[in-house]
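1. I'll drop the sequence and a predicted model, then ask my questions.
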Amino acid sequence: MEEIPNIQPPESPIADVLSPLSTSLAENSPPVYALAPAALSKMSERGDNFPIVGIGCSAGGLEALEAFFSHVPRNSGVAFIVVQHLDPSHPSVLAELLQRVTLIPVSEAAEQTTVQADAVYIIPPNRDLSLSHGILSLLEPIEPRGLRLPIDFFLRTLAGDQMDKAVAVILSGMGYDGTLGLKAIKEKAGLTLVQSPATAKADSMPCSAIKAGLADIVASPEEMPARIISYFGHAQHSQATNAEPSPHNTSALNKIINLLHERCSADFSLYKTSTLYRRIERRTAMHQLSGIAEYLRYLRENGQEVELLFRELLIGVTNFFRDPAVWEMVRSETFPHLFSFYPNGQILRAWVTACSSGEEAYSLAIVFREALQTIKPGVRFTLQIYATDLDPAAIEKARKGIYPENIAADISPEHLARYFVADKGGYRVVKEIRDMVIFATQNLISDPPLTKLDLLCCRNLLIYFQPQLQKKLLPLFHYALNRHGVLLLGTSEAVGSFSHLFAPMNGKARLFQRLDQPVSLGDLPFPARMPLASAPREIDLPAERQENLGQQTDHLIQQTYAPPAVLVNADGDILYISGRIGKYLEPPAGKVNINIHAMAREGLREALIGVIHKALRQPEPIQLKNLQIGGNGSTQTINLTVHAQETPEMLRGRVLVVFNDVPAASTGKRSRKSSASATHEALLQELAQLRESLRITHEEMQTSMEELKSANEELQATNEELQSTNEELTTSKEEMQSLNEELQTVNAELQSKVDDLTWERNDMTNLLNSTEIATVFLDNQFRVRRFTERATRIFKLIPGDVGRPLFDVVNDLDYPQLKIEAQEVLRTLVFCEKQVSTHDERWYRVRIMPYRTQDNVIDGVVITFTDITEIKKLEARLREDK
């Protein structure tokens, strides 16, 4: 077998293993903190929890895997598990191919295999792989072909089993498999590495991971083993030297917290110290720094690292329908419980805290839609969801509502088809679900809470807070919820000492109902962010601001003495407000709406119908007199002026609505007759306005209905066609992508086989030529298959004669029985050997043998010609000497 170069163990593990290191994502990284893998090897020898590396790849992955494992030292103290997209019907030779480039044993994973350090395990074809308690299990895939995500599946089990000892590596491949797995690894404080797209044959999988912001290190496959070994070597050193936080480390930690508060406006002082240390030590090990104090210096010098640490501490890892049993409980029990308190329907309010990129908020919206199917017809419920998070980038992503294709692993096909549409290589939530959620940036610790809530979701957040912060937030949650409100916590969270405020509805699902217990507002730790006003003092205006005094005076007169007015556009949206308009307009309940038709009080709303459009069609202002407007338990009379503006240019197309109060006349001065006349006149005027408004509304409605009906028919037809086409394309795309990946994998293995066969053929050719024995290979019809160079001295053969009958080729042999004896050998399978001469007095020993294949099938004959001319001459001389 050919000798494999460059895989001998290095003489110096530190120098040779760490020499190919490159920089990670952060620029200007400090020098590598060199630590040999000896600590890891000793740890694995003791049976401790050694690191396990899960490697995912697809198309083009063979080359990357060979580059990776050719740089893994023999005693690294790390186990490697390779998950590649394989053809389910084709046997894999990946283990054999990788064994050639590495000194550590490579084997195909078997059922109930216990993972050992310094070994490589390969996923077998047509199987999914999982890890539990360090033991591998093989599972039948649900879908043998099509959309399969074996890398995500394994990495999730790896994260749950190995926690911070888990490592995920994404190499070359097509698609997006592995991205969700990286999320799970990062959530458990594991290490994630992604191949640099520039070095990948297929960069889809690496680009998907990098775009999602999940890569701790981006490097070439050759550099990754050294980065992994160095990272864990440093982590072991850090744990040994910092078993208990020293006063020096505590001081450095407090300074890091202050730096984060200053740069990111986030207070982590009440986060659990263990969580902070673990995340900071992870960043310290990644940058190969000697300790927290040195990491503090690195933070001060690199603003980008402050942002990366901020995002790491937020632990913004989530997915759709996380803990499916909890969401099923919310659908089947929680929402029906809330519906029971409002038999006539209601607008429900929900708050999702720490929503990250929005998956949990949208999951709640989908579950609510599913729960609506259980209510009686005619009862209308709506849900307004407020989703907040401290990270502005996460909120911006949530608002877009676009997610990668691999969310299909967490969402059922029915939900995916109903609540998502394909968009830009991923999925976008439908408008029906998107409109249910309002996203906003909020600091749960320092900002005031939302109130009047029916449901409050705070999952997997309290576990990162110290007890004093938990004791601050739970009473606030009690205050924010309605009387029958429900609190949903994470599976590892509880209400603790606040059982008098919350009663468990379902302990396993962590659902709690608010108890109607009084809590003094003075006892609640409400945030106080507004500074106290300072005492007033006289200020001398500088000369450059004297001109603003007149503007301020004019503004004061306008606001105090001029009639109230609003400027609106053609749709009635308010653009500007002058004076106090509270007596005429009031904001409606629910979502913010500043349209004059929605804000108008009773009596004014009916009068405004159609008036704005009418004012835009005529130059004269419209006067509406003696309008009776209700509000605050009383009725007031006003005159309304509606005037479309033509000048200045900026106001063209706008309408000014002016409100004038009509003073009430004294009873003694007005007779009954005049009062009745005025009332009659007002009623007639109001009736005329209502008729005109009704006519205009009717005309507009008819026109709109005709247009909408026509557009709706076209859209329905188009939507059906697009939906059918989309389903077909999606199915075809998934099948083609899967087949393409499988074909590329098989092609890579076959290419390797072809290379091996090429070398074997070269070896065989050189061997045959070096023996100086003329050899001719014939098939069953005695056609030439192959011949050696020596055979051309007997037969007049050229390369183009391959496939021609041998006996049609001119030869120098004095052997007319050659064809007959070859036929006899093929018939009897008994070899034949003779000595024959040529026309130029050369002698050959001719041997005719059957040609046997590896399957023991006779498929022609082999004829060899050994030159014995010198032997014959020697025999002749010996006979003469006698």
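-> Yep, that arrived.
2. continuing past the helix or strand containing Asn712, what's the next helix or strand?
-> Under the assignment given by DSSP states H and E, the secondary-structure element containing Asn712 is helix 672-771. Scanning forward in sequence from helix 672-771, with DSSP H and E defining helices and strands, the next element found is strand 774-778.
3. Output the helix or strand just after that next one as PDB, restricted to C-alpha atoms.
-> The first helix or strand that comes after strand 774-778 along the chain, using DSSP H and E, is strand 784-787. Backbone C-alpha positions of strand 784-787 (Å, rounded to 0.1, in the frame of the first residue of the first chain) are rendered in PDB as follows:
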ATOM      1  CA  VAL A 784      -7.500  -8.400 -27.400                       C
ATOM      2  CA  ARG A 785      -8.200  -6.800 -24.100                       C
ATOM      3  CA  ARG A 786      -4.800  -5.700 -23.000                       C
ATOM      4  CA  PHE A 787      -1.200  -6.500 -23.900                       C
END
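4. who does the next helix or strand after strand 784-787 touch, helix- and strand-wise?
-> Next in sequence after strand 784-787, counting helices and strands by DSSP H and E, comes helix 818-828. Applying 3 or more C-beta pairs under 8 Å, 6 or more residues apart in numbering; DSSP states H and E, we find helix 818-828 packed against strand 832-837, strand 843-852, strand 858-867. In this view, the C-beta of every residue, glycine as well, is placed from N, C-alpha and C.
5. I'd like to know which of those strands is closest to Gln618.
-> Evaluated over the helices and strands packed on helix 818-828, closeness to Gln618 peaks at strand 858-867, with 101.8 Å, by C-beta to C-beta.
6. packing partners for the closest one?
-> Using 3+ C-beta pairs under 8 Å, 6+ apart as the contact criterion, the secondary-structure elements in contact with strand 858-867 are strand 774-778, helix 818-828, strand 843-852.
7. Can you name the residues in contact with the second one?
-> Spelled out, it's helix 818-828. Identification of contacts with helix 818-828 by C-beta atoms under 8 Å, 6 or more residues apart in numbering yields 778, 780, 782, 807, 831-832, 834, 846, 848-850, 858, 860-861, 863.
8. Now do it against strand 832-837, angle only.
-> If you take axes from the mean of the first three to the mean of the last three C-alpha atoms, to 10 degrees, helix 818-828 sits at 170 degrees to strand 832-837.
9. Of the contacts of helix 818-828, just say which sits nearest to Leu750.
-> Here the nearest of those to Leu750, counting by C-beta to C-beta, is Gly860; it sits at 26.3 Å.
10. Pretty sure Tyr851 is one of the things that closest one touches, is it not?
-> Yes. Because the distance of 4.1 Å satisfies C-beta atoms under 8 Å, Gly860 is recorded as touching Tyr851.
11. any shared contact partners between these two?
-> Joint contacts of Gly860 and Tyr851 (C-beta under 8 Å, 6+ apart) are Phe777, Leu778, Asp779.
12. Name the spans of the stretch 301-450 of the chain whose pLDDT lies under the cut-off.
-> Across the stretch 301-450 of the chain, the stretches falling below the confidence threshold (pLDDT under 70) are 316-317.
13. For the helix holding Asn712, which helices and strands make contact with it?
-> Checked by 3+ C-beta pairs under 8 Å, 6+ apart, helix 672-771 has helix 61-69, helix 94-99, helix 604-607, helix 611-617, strand 622-631 packed alongside it.
14. Please consider this matter closed, and thank you.
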